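Q: whatever this is, show me its structure:
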Amino acid sequence: MRPPLWFALAGAVLLFQVACAARTPPVRMWADDSTAPGGGVPAPVPDQGLDTPAQPRLPAFDREPELAVLLAESAEVAFTTLRSGRIDGWGDLGAGPHRATVVAGQLAIDGRAAGSLAVAAIPGEGVRFTATAEPPGGGKGQALRLAGQPVLALAGTRVQLIERVPLEAYLAGVVGSEMSPAWPQQALQAQAIAARSYAAARWMERVNRSWQVHWHYTVDMAYGGAGARRSPALDQALAASRGQVLTLRGLPLPALFHASSGGGTESASNLFRPRLPDGTPAEGAMPAVADPACEGGCAGLRQGPTHWRWKEDVPLATVTRELQTWSREERSRPAFGTVIGVRPARRHADSGRVEAVAVTHRLKGQERVDEMPAQAFRLAVGPSAIPSTWWDRCAVASGKGGTLVLQGRGYGHGVGLSQVSAWEMARQGRSAEQITAHFYPGAALERKY
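A: Now for the predicted structure:
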């Protein structure tokens, strides 16, 4: 799991799936390296012409929904139940470790066939099962304690391990992972509202699929399960904001957020182009806005050198290696040789952040220049190495193979709520409603249940 903001941020996931021309989808979601994630980037919205097929019927959102959280997907998954339960049509599930695989096109739990979907009913309150959740793309798993019900779903030749959990219980595992539980009450409430809105949008959009949100911040939001850090202030924030979501045209907004804006946010239309659950554009609710509270937040949290104004020296050998790795992940991406230069190619007019990067490299004896989206470049090289796409200086220093020298502002993708700014705004006496209205000026705040 990405370390929370009060630790050094290594940068994630969005993040998240990357919003880049060669890839569908953001990072996010992201979702990112913020203390936020970000959510995944949806595919482009089709033209709304006469031949556009009717949108699928969306579920009513007038009560707390139950979310399906993907924990792992592989040829074999393991989990441990802390109490005995039962799977209809399969039989009793005793307390202890269990394994699920695919045998002859069906799920097999502990070696016994279980069809294509198995829902374990484990009675009682509190933690019901434990599992090691897997990051997308591999890497070290995260041991989680989980209070929902375990679900196993067949996905081709793989098994999905899923937790079914009420939305508010899911949020208790998200907010303390995305923001320090010791932060001011109104900042925690603002974070809860944004996270609830994002999760509700994913639930509504994907209600007929086996899962709606991924546990990892590189796909959706950081989720620590029932073992996530809690505090009385966090519990109060969840209770006070219960059922409150940001909406656009009556639908929950997939609200993005990040660690630090650097003094001004990025427009969602520049980066992720998020959609509402009905497929219509949602970016109008997340434009670029000035963020004067960010400087005070970074200073108060002693994050100035990393989250306000930063300087990074990245060896060109590192840039070369990471871009070559990025290139090999998808055939449609350009091939990169030895990188010898990097410069901003274009900037967004509203936010001032770099839109595209021109990379000069030597490939097969020829010098070439290839452009790529700045956010894709940042995530390919590493979000901890390049904290944001808001660059004030970009140069290449000679010596030892060359070094990319960057100076910039902020930390994360920059869209939506800036967490360090929320801390400062809450400290200044701003309410959660005022904080969210500042970062999502096109959205309404509604209590759905």
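Q: mind checking how far E295 is from L234?
A: 26 Å (Cβ to Cβ, to the nearest Å). Every residue, glycine included, has its C-beta placed from N, CA and C.
Q: can you pick out the residue with more neighbours from these two?
A: Counted by other Cβ atoms under 10 Å, E295 and L234 do not tie: L234 has more neighbours, with 25 against 19.
Q: where does the more buried one land on pLDDT?
A: L234 is assigned a predicted lDDT (pLDDT) of 96.
Q: wait, it touches L188, no?
A: Yes. The criterion here is Cβ atoms under 8 Å, and L234 meets it with L188 at 5.5 Å.
Q: quick check: longest helix in this protein by residues?
A: helix 185-205 (DSSP state H).
Q: tell me the strands beside the helix or strand following that one, with direction?
A: Counting by DSSP states H and E, the next helix or strand C-terminal to helix 185-205 is strand 213-214. Strand 213-214 pairs in its sheet with strand 66-74 (parallel), by DSSP bridges.
Q: pull the CA atoms of the strand it pairs with into PDB?
A: Written as PDB, here are the backbone C-alpha positions of strand 66-74 (Å, rounded to 0.1, in the frame of the first residue of the first chain):
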ATOM      1  CA  GLU A  66     -22.800  -2.900  -0.800                       C
ATOM      2  CA  LEU A  67     -19.500  -2.800  -2.600                       C
ATOM      3  CA  ALA A  68     -17.500  -5.600  -4.100                       C
ATOM      4  CA  VAL A  69     -13.800  -5.000  -3.600                       C
ATOM      5  CA  LEU A  70     -11.300  -7.000  -5.600                       C
ATOM      6  CA  LEU A  71      -8.500  -8.300  -3.400                       C
ATOM      7  CA  ALA A  72      -6.700 -10.700  -5.700                       C
ATOM      8  CA  GLU A  73      -7.000 -12.400  -9.100                       C
ATOM      9  CA  SER A  74      -4.800 -15.300 -10.100                       C
END
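Q: got the angle for that strand vs helix 185-205?
A: 70 degrees (axes from the mean of the first three to the mean of the last three Cα atoms, to 10 degrees).
Q: ok, S231 to S84 distance?
A: For S231 relative to S84 (Cβ to Cβ), the value is 33 Å.
Q: revised request: answer the last question for A195.
A: 33 Å.
Q: the two: who's more crowded?
A: In this view A195 and S84 are compared by other Cβ under 10 Å, and A195 has more residues nearby, 30 against 13.
Q: please name the nearest non-neighbouring residue to Q189.
A: Among residues not flanking Q189 along the chain, A432 sits closest, at 3.5 Å (Cβ to Cβ, 6 or more residues apart in numbering).
Q: can you check L363 too?
A: Closest to L363 by Cβ to Cβ, 6+ apart is G337, at 3.2 Å.
Q: again, but for R206
A: That would be Q212: by Cβ to Cβ, 6+ apart, it lies 4.4 Å from R206.
Q: my read: that neighbour touches L67, true?
A: Yes. With contact defined as Cβ under 8 Å, Q212 counts as touching L67 (5.5 Å).
Q: overlap in contacts of the two?
A: Between them, Q212 and L67 share these contacting residues under Cβ atoms under 8 Å, 6 or more residues apart in numbering: 199, 203.
Q: pull the one helix or strand R368 maps to out as PDB, backbone CA atoms only.
A: Using DSSP H and E, R368 sits within strand 366-373. In PDB, the C-alpha atoms belonging to strand 366-373 read as follows (Å, rounded to 0.1, in the frame of the first residue of the first chain):
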ATOM      1  CA  GLN A 366      19.800   7.600 -35.300                       C
ATOM      2  CA  GLU A 367      18.700  10.500 -33.200                       C
ATOM      3  CA  ARG A 368      15.000  10.700 -32.700                       C
ATOM      4  CA  VAL A 369      12.500  12.900 -30.900                       C
ATOM      5  CA  ASP A 370       9.300  11.300 -29.600                       C
ATOM      6  CA  GLU A 371       6.500  13.000 -27.700                       C
ATOM      7  CA  MET A 372       4.400  11.400 -25.000                       C
ATOM      8  CA  PRO A 373       1.900  12.700 -22.500                       C
END
